[in-house]
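Engineer: got a predicted structure plus its sequence, pasted below:
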Amino acid sequence: MKKLIGRVLLGISILASAACTKIDNYELPDASLEGNLVSSEGGNLLTSQGSTQIRLEQISWSATPSPQEIPSKFDGTFKDTKLFKGTYKVIPKGGAFWPIYDTARVEIGKGTKHDFVVTPYLLIKNFTATLAGTTLTLKYDIEAPIGAGLPTILETQPFINTTKLVGTGASIRDFSDVYKVSINKEWSDMTSADKSITIEVPDMLPGRKFFVRAGVRLNDSFKSYNFSDIIEINVPST
Amino acid sequence: MKSIHKFIIALSISAGASITSCQKLDIAPTNIFTPQIILGTEAGVNSMLATIYRALPIEDFKYRPDGGEDNNGIPHPGFNPLNPWMNFYHSGAVTGELVGPFGGMDIGGGFGYWPYANIRNVNILITELPKYAAQLTQPKVDALLGEAHFLRAYFYFALAKRYGGIPIIATVQDPGAPLSELQVHRDKEEATWDFIGAELDLGYQMMPDVNPAGRANKYVAAALKSRAMLYAGCIAKYGSVNYVDGEAKSLGYVGIPADKAQGYFTKAYDAAKLLEGHYSLYEKNADKVQNYVDLFLKSDSPENIFIKQYSIATNTAHSWDATMSPRYMTANALSRAYPTLELIQRWGTLPITNTDGTPKRFDNRADLMQGLEPRLLATVYFPGATLRGLTFDAQRGIYPSFSGTAASEVAKQPNSRSYVLAGDTKTLYQGKMVIGFTGLTTAADDAVSRTGFYVRKYIDYAKSTSEADLYKSQQPWIDMRYAEVLLNRAEADVELGNVGDALTCINQIRNRAGASQLGNVTIDDVRNERCKELAFENHYYWDLKRWRIADVVLNNARFKGLMPYYVFNENKYIFLAEPELFQRNYNFDKKFYYEPIPGGELGKNPNLYPNNPNY
């Protein structure tokens, strides 16, 4: 019996000595990349949910790495603090700006900062939102920094939500998509009247706060939108 | 002395062993089928073909365009050899033919279809068969080779329409070859479609005229060619206008130069024309509705070109009857996919509104069907239609009284409408059922219709309720039928400017459908006719893609149903066109015109890069 116990203990100690000898000695992904999508026309490029992303390909890991993406925030900034240190190809894509083809190579380590300058397809200027009773009137003009070769202008619409996060995929359909205005014209065929847009959104709910912006959609590879800034609207209670 | 003994013993053992061993072991294993056994007899070749046919990517009743799971929880088989019962996961349910279980455009990224193992089987056939001409006879070998070329084209067609250009592997790769040889580069999209066309030409030249049901003959190859070349022509013509920019595009892995379109359309026309006189539309019943219903159920149809068969005995039967009709009329399970009003309106606006805008009053729900095209009534079960002795009694609710126009009523907020709705069939209003057994409920339940309609195509009306059960449906899937070939031909005609021939083809189809004859056709007429004739046959998704209009049609789209209401004080029915009950959004990203090359394959073969644009 003692012999048996001894053997069992011996077996256990052999197994124990063989197990778990490897420690996960990989470093945490503690490199980070942050920066701005700077508009060539001043300020940051205004984006929305599901529009602009920063695509990263870690070429120091593989010649054909799986891409990963950092979605940009609504104010045109982006940040990812859980990246592996290394050399990356970095390119902003998916937004309504003239495509960038030459990818930047960035050494990403701790606290790496990198800004991109992009030329938006369109600018939404003179954006105003005024209330008359419960009817909200949006007025804005669209301008193109570069007119030649611009993708077809598809449509424009208001985006209205109850939070500051307002844009595509984050808006109230009955106040937003329903008031979509179809354009379907080339930039060169648009008259100055076409470029000055007025949209009325009736029956806003009294006593509620809304955040409003406008978007113009282009028929590029992403069917992306250029956005206006965001205006806060307080509908007075009746 | 002792050591000599030992030496002698050792020597004699080793000598004995070396002389007697390794003598007769070099024989063919008797428990393994050798190529001679499989390929040297017709039965053997048939058994190999059966395996290949079973894997053929036919988008039939069981096809799950999002991959899905099979019965054993293995994810993403797509083409389902393990036979799931949920036949309502239909590709039409992301495109607005139907609304169904998908939450939106859930199938755009594909399910990683990559059938190179099956293609290898075909390549083995094509390489090895010529060696067995003595046993099989040369004509037989040629016929089988033709069939193999057709099968290979079928697999490559399923790949090309998903990925664009893919590696064309036409030889049997040696697993021991250097990695650089095994990691084959992508071919250009144009080369891929040309390869498919050439394979189908070989199929047409080498196969006989007739075939056992479920197998290919020369006309099957021609029919598939008309389909494939039409796809290629459209990709050249429309894909060069509406595309996603990227490296794969600039290298030609996706996209075909626009000037090649005419050539492909001509090939599509030529291939379709080959079937003329060999197949014809099913017109055996003078009752046009019944005739159109029977076309999908009668095995003697001269319209069937290529079918896939099922049987209860071999556990391959499908569940279309049980899962496309409401539980009220079946023995088991539930339905989840329902035709939209948008599909029905391809036949024109339904006469539900008077000229003054008020909803037309009907004595009976079924009266709406009067005067509608027989093909429409045979494609969709309308409210008031009957199946297995039961009526499709879909009813959204009851209006105690109704005044005003349909448009103003539908525009109202739900809480300011004066109707009575209900979440179950037990709820009564003054003794009348508020909703029907077949819908339309306020409960968040899609086991009854969300639109008021049910699919009728392929439903076996002759089955009793108890036979309308899971895995009890054996009606074959018609993968290619003559009406599609006529539509392929008409579409190619219009693209080529032969409007006269297109008109002849379209009017043949319309005559059988019980529709009026047209005097002229445009591309929109031909496309609309195609959408009507081939509804629910898994064409519409690919048609929207190859016409490159999916991103326009499915731009945050929502679909409508037809809501029947009972007006209590008038004892009449009215119909209102309203959003389908789940009000889902359908949105097609441009990148979905091509699916991404599966990630696992990219990991194994870096030469598959660049991936398709925007993935």
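Structural biologist: Arrived safely. Residues are numbered from 1 along each chain as shown, chains lettered A, B, ... in the order given.
Engineer: for residue 5, phi and psi?
Structural biologist: Picked chain A for this. Dihedral angles of residue A:5 (phi, psi; degrees, to the nearest 10) stand at phi -60, psi -40.
Engineer: I was after chain B.
Structural biologist: phi -50, psi -50.
Engineer: how much space separates it from chain A?
Structural biologist: 42 Å (C-beta to the nearest C-beta, to the nearest Å). All C-beta atoms are positioned from the backbone trio N, CA, C, and that covers glycine.
Engineer: that residue: neighbour count?
Structural biologist: 9 (other C-beta atoms under 10 Å in any protein chain shown).
Engineer: which stretches of chain A have low pLDDT?
Structural biologist: Applying pLDDT under 70 to chain A picks out residues A:1-2, A:17-22.
Engineer: chain neighbours aside, what residue packs nearest to residue A:34?
Structural biologist: In this structure, residue A:34 finds its nearest non-sequential neighbour in residue A:79, 3.9 Å apart by C-beta to C-beta, 6 or more residues apart in numbering or on different chains.
Engineer: and for that neighbour, the neighbour number?
Structural biologist: Considering only other C-beta under 10 Å, residue A:79 is surrounded by 13 other residues.
Engineer: residue B:299 too?
Structural biologist: 10.
Engineer: what's the answer for residue B:201, then?
Structural biologist: 17.
Engineer: could you look up the SS state of it?
Structural biologist: Here residue B:201 takes the helix state, with states given by DSSP: H, G, I helix; E, B strand; the rest coil.
Engineer: how far does the strand or helix carrying residue B:289 sit from its chain's centre?
Structural biologist: For residue B:289, the host element (DSSP states H and E) is helix B:288-295. Centre-to-centre, helix B:288-295 and its host chain are 21 Å apart (C-alpha atoms, centre = their mean, to the nearest Å).
Engineer: just checking, what packs against the helix or strand following it?
Structural biologist: Next along the chain after helix B:288-295, taking DSSP H and E as the criterion, comes strand B:304-308. Helices and strands touching strand B:304-308, by 3 or more C-beta pairs under 8 Å, 6 or more residues apart in numbering or on different chains; DSSP states H and E, are helix B:218-239, strand B:477-481.
Engineer: closest one to residue B:600 among the ones you listed?
Structural biologist: Proximity to residue B:600 (C-beta to C-beta) singles out helix B:218-239 among the helices and strands packed on strand B:304-308, at 26.0 Å.
Engineer: check whether whatever helix or strand comes next after that closest one comes near chain A.
Structural biologist: Later in the chain than helix B:218-239, the nearest helix or strand by DSSP H and E is helix B:247-250. No. Using C-beta under 8 Å from any C-beta of the partner chain, helix B:247-250 stays clear of chain A, with a minimum separation of 9.2 Å.
Engineer: in helix B:247-250, which residues are buried?
Structural biologist: By neighbour count on 16 or more other C-beta atoms under 10 Å in any protein chain shown, the buried set for helix B:247-250 is B:248, B:249.
Engineer: ditto for stretch B:194-211
Structural biologist: In stretch B:194-211, counting by 16+ other C-beta under 10 Å, buried: B:194-197, B:199-204, B:206-207, B:211.
Engineer: check stretch B:208-225 too.
Structural biologist: Those would be B:211, B:215, B:216, B:217, B:218, B:219, B:220, B:221, B:222, B:223, B:224, B:225, for stretch B:208-225 by 16+ other C-beta under 10 Å.
Engineer: farthest-apart pair in those residues, please.
Structural biologist: B:215 and B:225 (17.2 Å).
Engineer: domain-wise, how is the chain divided?
Structural biologist: Going with chain A. A:31-118, A:123-234 (automatic domain parsing).
Engineer: chain B is the one I meant
Structural biologist: B:47-60+B:93-290+B:594-608, B:320-477+B:558-579, B:480-557.
Engineer: and the first one, how far apart are its ends?
Structural biologist: Distance between the two ends of domain B:47-60+B:93-290+B:594-608: 33 Å, counting by C-alpha to C-alpha, to the nearest Å.
Engineer: try the second one
Structural biologist: Start-to-end span of domain B:320-477+B:558-579 (C-alpha to C-alpha) is 26 Å.
Engineer: that domain close to chain A?
Structural biologist: No. Domain B:320-477+B:558-579 lies out of reach of chain A by C-beta under 8 Å from any C-beta, never closer than 8.8 Å.
Engineer: ok, and what's touching the helix or strand hosting the residue nearest to residue A:34?
Structural biologist: Here residue A:79, judged by DSSP H and E, is contained in strand A:77-83. Around strand A:77-83, the neighbours that count as contacts under C-beta atoms under 8 Å, 6 or more residues apart in numbering or on different chains are A:29-37, A:44, A:54, A:56, A:70-73, A:108.
Engineer: returning to what we had before: could I get the domains of chain B in TSV, plus columns for mean pLDDT?
Structural biologist: TSV is the format used below for the domains of chain B (pLDDT from 0 to 100):
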stretch	mean pLDDT
domain B:47-60+B:93-290+B:594-608	96
domain B:320-477+B:558-579	95
domain B:480-557	97
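Engineer: for those domains, give me JSON lines that also has distance to residue A:200.
Structural biologist: Formatted as JSON lines, these follow (distance: least, C-beta to C-beta, whole Å):
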{"stretch": "domain B:47-60+B:93-290+B:594-608", "distance to residue A:200": "29"}
{"stretch": "domain B:320-477+B:558-579", "distance to residue A:200": "16"}
{"stretch": "domain B:480-557", "distance to residue A:200": "21"}
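Engineer: quick one: closest of the ones you listed to residue A:168.
Structural biologist: It's domain B:480-557; of those, that one is closest to residue A:168 (C-beta to C-beta) at 9.2 Å.
Engineer: any idea how far that closest one is from the middle of the chain?
Structural biologist: 16 Å.
Engineer: try stretch B:119-139
Structural biologist: Centroid displacement of stretch B:119-139 relative to its chain, using C-alpha atoms, centre = their mean, is 30 Å.
Engineer: ok, stretch B:549-569 next?
Structural biologist: 24 Å.
Engineer: quick check: buried residues in it?
Structural biologist: Buried, per 16+ other C-beta under 10 Å, within stretch B:549-569: B:550-552, B:554-555, B:557-568.
Engineer: ok, stretch B:527-547 next?
Structural biologist: Buried residues in stretch B:527-547, counted by 16+ other C-beta under 10 Å: B:527, B:529-547.
Engineer: equivalent analysis for stretch A:158-178, please.
Structural biologist: A:158, A:159, A:160, A:161, A:166, A:167, A:168, A:170, A:171, A:175, A:176, A:177.
Engineer: list the buried ones in stretch A:145-157?
Structural biologist: In stretch A:145-157, counting by 16+ other C-beta under 10 Å, buried: A:150, A:151, A:153, A:154, A:155, A:156, A:157.
Engineer: spatially, which residue comes closest to the fourth one, not counting chain neighbours?
Structural biologist: It stands for residue A:154. That would be residue A:217: by C-beta to C-beta, 6+ apart, it lies 4.5 Å from residue A:154.
Engineer: distance of that neighbour from residue B:239?
Structural biologist: 21 Å (C-beta to C-beta, to the nearest Å).
Engineer: re the thing from before, and the strand or helix carrying the residue nearest to residue A:154, which residues are buried?
Structural biologist: For residue A:217, the host element (DSSP H and E) is strand A:209-218. Neighbour-count burial for strand A:209-218, counted by 16+ other C-beta under 10 Å, picks out A:210, A:211, A:212, A:213, A:214, A:215, A:216, A:217, A:218.
Engineer: tell me the one of those residues nearest chain B?
Structural biologist: When the buried residues of strand A:209-218 are ranked by distance to chain B (C-beta to the nearest C-beta), residue A:217 comes first, at 9.2 Å.
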